[in-house]
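Q: need a structure here:
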Amino acid sequence: MAKRERVVRMSVEQPLWRALTAYRVLTTVYAVLIFVFGRDRYERPWVAVVFLAFLCVWTLATLPKVANAAGCTKRFLVADLTVALTGILLTPLADEHARTVDGPTLPSIWTAGAVLAYAIKGGWRWAGFASSLVAVANIIERGHPTRDTLHNVLLVWVASIAIGYVVEVARASERTLARALEIEAATRERERLARDIHDSVLQVLAMVQRRGTALGGEAAELGRMAGEQEVALRTLVAGGLTRPSLVSEDESEGAVVRIVEEPDDDAPVDLRALLAPRAGARITLSDPGAPVLLPPAAARELASAVGAALDNVRVHAGESAQAWILVEDWPDEVIVTVRDDGPGIPDGRLAQAEGEGRMGVALSIRGRLRDLGGTADLISVPGQGTEVELKVPRDARGKAGTR
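A: Here you go, the predicted structure:
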């Protein structure tokens, strides 16, 4: 039996984490070189030495933390941003002239790496929060904001939010791709099972039904039961698989999307799966080979209207009447036609039934279709059966939801 759960590894984010790792190392070296070549202007160089030594140790020790999303925890992000903010605020203590000459801060552009970690981990909202704190720290460090300070702050703020937004779009694309791959795999498996079952079990059940009906007696009862099992099995093959949903997880090797089979209330519903149980020995269902997808509410209401039409066939045409269901899938609408070989409806009978308070056709069929924005047309000729044509537009979701 095939497993009902599959894990698909996605690696779109992994290059971003690798780039961030390299960025942190390179900018640490850059901050150290700025101090080395400009150490003569520091009034308290020991402050810069202590901070930069700590920054080097911190960067090297936390490389595994920024290697993937799993290691980059919220606690680490807070601590990392605290290191960056501390370095910014310590700059005037090490270099009193930093405010007047608009020089670099102690961590320099290493600070942007802390903000980018927020962006990659949590998206643009986290990036906006972190970059705003960095902006406040830079303004406090300068004492009075200069044009260059505001320019740098705005650049970090916009860049981090943009990267965070791109990361969110990439994650959404991964989920969509994983869902599409899973649906495609489920469809292929269902088609394979349908071929195998059609070539074996369904053919045997159909043969038993035909032979039993021809023999009569107890064999006819066995044939009827075989026919019912054939319908049930066809229903299972046609629409028994549930659409998958996604649960995202993080592992050390990168982002992981775990796909488990559970219903999605907002996912389109295959109308064929709802109508298949209606088929039987005296009800023939003809539908397209491809899924007939409708919004859930519209599909359920349309299937209920078909059920009401079949109930009318049983009540007015008798249990021995033959009925046919034809499903047509058009680009702008779905048409379902229910036809029977009963005696038909005499002229004026529907109006008389509504006048007597029997509102089956008016409410169960026409009322449902009207709420969906569709129509229900009934054609009946005495002695030649009845035909009910149900039309539902593709945009039936909103109209169905107003019921």
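
Q: Now name the helix or strand holding the residue positioned nearest the centre of the chain.
A: Nearest residue to the geometric centre of the chain (C-alpha atoms, centre = their mean): residue 176, 6.1 Å. Element membership for residue 176 (DSSP states H and E) is helix 147-199.

Q: Just give me how far that helix sits from the chain centre.
A: Centre-to-centre, helix 147-199 and its host chain are 10 Å apart (C-alpha atoms, centre = their mean, to the nearest Å).

Q: ok, then the element right after that helix?
A: Downstream of helix 147-199, the next assigned helix or strand under DSSP H and E is helix 201-215.

Q: so what secondary structure elements neighbour that following helix?
A: Contact here means 3 or more C-beta pairs under 8 Å, 6 or more residues apart in numbering; DSSP states H and E; on that basis helix 201-215 packs against helix 218-239. The C-beta positions use only the backbone N, C-alpha and C, and glycine is treated the same way.

Q: and residue 108, how many neighbours?
A: 21 (other C-beta atoms under 10 Å).

Q: now the one 5 residues further on
A: Number of residues near residue 113 (other C-beta under 10 Å) recorded here: 22.

Q: cool, and residue 125?
A: Neighbours of residue 125 under the rule other C-beta under 10 Å: 14.

Q: my read: it touches residue 164, true?
A: Yes: look at residue 125 against residue 164 with C-beta atoms under 8 Å: they come within range, at 7.2 Å.

Q: Could you export whichever strand or helix holds residue 15 as PDB, keeping only the C-alpha atoms?
A: Element membership for residue 15 (DSSP H and E) is helix 14-37. The C-alpha trace of helix 14-37 is given here as PDB (Å, rounded to 0.1, in the frame of the first residue of the first chain):
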ATOM      1  CA  GLN A  14      19.200  27.800   1.200                       C
ATOM      2  CA  PRO A  15      21.300  30.000  -1.200                       C
ATOM      3  CA  LEU A  16      20.100  33.000   0.800                       C
ATOM      4  CA  TRP A  17      21.400  31.500   4.100                       C
ATOM      5  CA  ARG A  18      24.800  30.700   2.400                       C
ATOM      6  CA  ALA A  19      25.100  34.200   1.100                       C
ATOM      7  CA  LEU A  20      24.300  35.600   4.500                       C
ATOM      8  CA  THR A  21      27.000  33.400   6.100                       C
ATOM      9  CA  ALA A  22      29.600  34.700   3.700                       C
ATOM     10  CA  TYR A  23      28.300  38.300   4.100                       C
ATOM     11  CA  ARG A  24      28.800  38.200   7.900                       C
ATOM     12  CA  VAL A  25      32.300  36.900   7.700                       C
ATOM     13  CA  LEU A  26      33.400  39.400   5.000                       C
ATOM     14  CA  THR A  27      31.800  42.400   6.800                       C
ATOM     15  CA  THR A  28      33.500  41.400  10.100                       C
ATOM     16  CA  VAL A  29      36.900  41.500   8.300                       C
ATOM     17  CA  TYR A  30      35.900  44.800   6.800                       C
ATOM     18  CA  ALA A  31      35.000  46.300  10.200                       C
ATOM     19  CA  VAL A  32      38.300  45.200  11.600                       C
ATOM     20  CA  LEU A  33      40.300  46.700   8.600                       C
ATOM     21  CA  ILE A  34      38.500  50.000   9.100                       C
ATOM     22  CA  PHE A  35      39.700  50.200  12.700                       C
ATOM     23  CA  VAL A  36      43.200  49.100  11.800                       C
ATOM     24  CA  PHE A  37      43.700  51.700   9.100                       C
END
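
Q: Distance from the chain centre to it, please.
A: Here helix 14-37 is found 37 Å from its chain centre; the criterion is C-alpha atoms, centre = their mean.
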